[in-house]
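Asker: prediction below, plus the sequence it came from.
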Amino acid sequence: MGIALCQLSNFLASKSSPTAWEFVGQIALLAIVVPTFLYIMLRHGIVSILSLVCVLLYLAAIIEDFAVCYKYAGLVGPAGAQIHNGFISVYFSAITFTTVGYGDFVPANDTGRALAACEALLGYLLLAVFVAKVINLSATPAER
């Protein structure tokens, strides 16, 4: 956990764009994190504090992974300037994942737009899985 926080603080403080290998690594990490999240939500029958903490950590990892990708792809700010900033990338990723979409920052190219579309769809999917799981857990055994 401490290593992840150190890496996140280094990412946020860095003004340079990530390398192509870092971009590919984040995509590969997403390919592991998302199925693991779905497995945890669908496999365990009881929601505990530990499982909620795990879910929140997985969601934070997904948002951070997409933020690295947006930092690599670039964002365009309100003044039309290209932005490769860690804090703004995390902000844009969280806003996109939750499908709020303020519109103050937009992807700079087709790669960023494709990533934003995938992240928004992933946000919808994970929200639907979470709501379905909570409804299922709240039902009595006879109702299931």
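Answerer: That came through fine.
Asker: relative to A108, how far out is the most centrally placed residue in the chain?
Answerer: Relative to the mean C-alpha position of the chain, the nearest C-alpha, by C-alpha atoms, centre = their mean, is the one of I63, at 2.3 Å. When distance is defined by C-beta to C-beta, to the nearest Å, I63 is 19 Å away from A108. For every residue, glycine as well, the C-beta is placed using N, CA and C.
Asker: now do T19
Answerer: Separation of T19 from A108 (C-beta to C-beta): 17 Å.
Asker: out of those two, which sits in the more crowded spot?
Answerer: More neighbours surround A108 than the other of T19 and A108, with 18 against 10 (other C-beta atoms under 10 Å).
Asker: which residues touch that one?
Answerer: A73, G74, L75, V76, Q82, I83 (C-beta atoms under 8 Å, 6 or more residues apart in numbering).
Asker: narrow these to those that are buried.
Answerer: With neighbours counted using 16 or more other C-beta atoms under 10 Å, those contain these buried positions: A73, G74, L75, I83.
Asker: list just the nearest of the residues you listed to I95.
Answerer: L75 (11.2 Å; C-beta to C-beta).
Asker: can I get the CA coordinates of stretch 91-99 in PDB?
Answerer: Coordinates of each C-alpha in stretch 91-99 appear next as PDB, following Å, rounded to 0.1, in the frame of the first residue of the first chain:
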ATOM      1  CA  TYR A  91      -9.500  14.700 -11.800                       C
ATOM      2  CA  PHE A  92     -10.600  14.000 -15.400                       C
ATOM      3  CA  SER A  93     -10.400  10.300 -14.900                       C
ATOM      4  CA  ALA A  94     -12.600  10.400 -11.700                       C
ATOM      5  CA  ILE A  95     -15.100  12.700 -13.500                       C
ATOM      6  CA  THR A  96     -15.200  10.400 -16.500                       C
ATOM      7  CA  PHE A  97     -15.500   7.200 -14.500                       C
ATOM      8  CA  THR A  98     -18.400   8.600 -12.500                       C
ATOM      9  CA  THR A  99     -19.900   9.800 -15.800                       C
END
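Asker: what are the contacting residues of it?
Answerer: Outside stretch 91-99, the residues within contact range by C-beta under 8 Å, 6+ apart are 59, 62-64, 66-67, 70, 75, 101-102, 105, 116, 119-120, 122-124.
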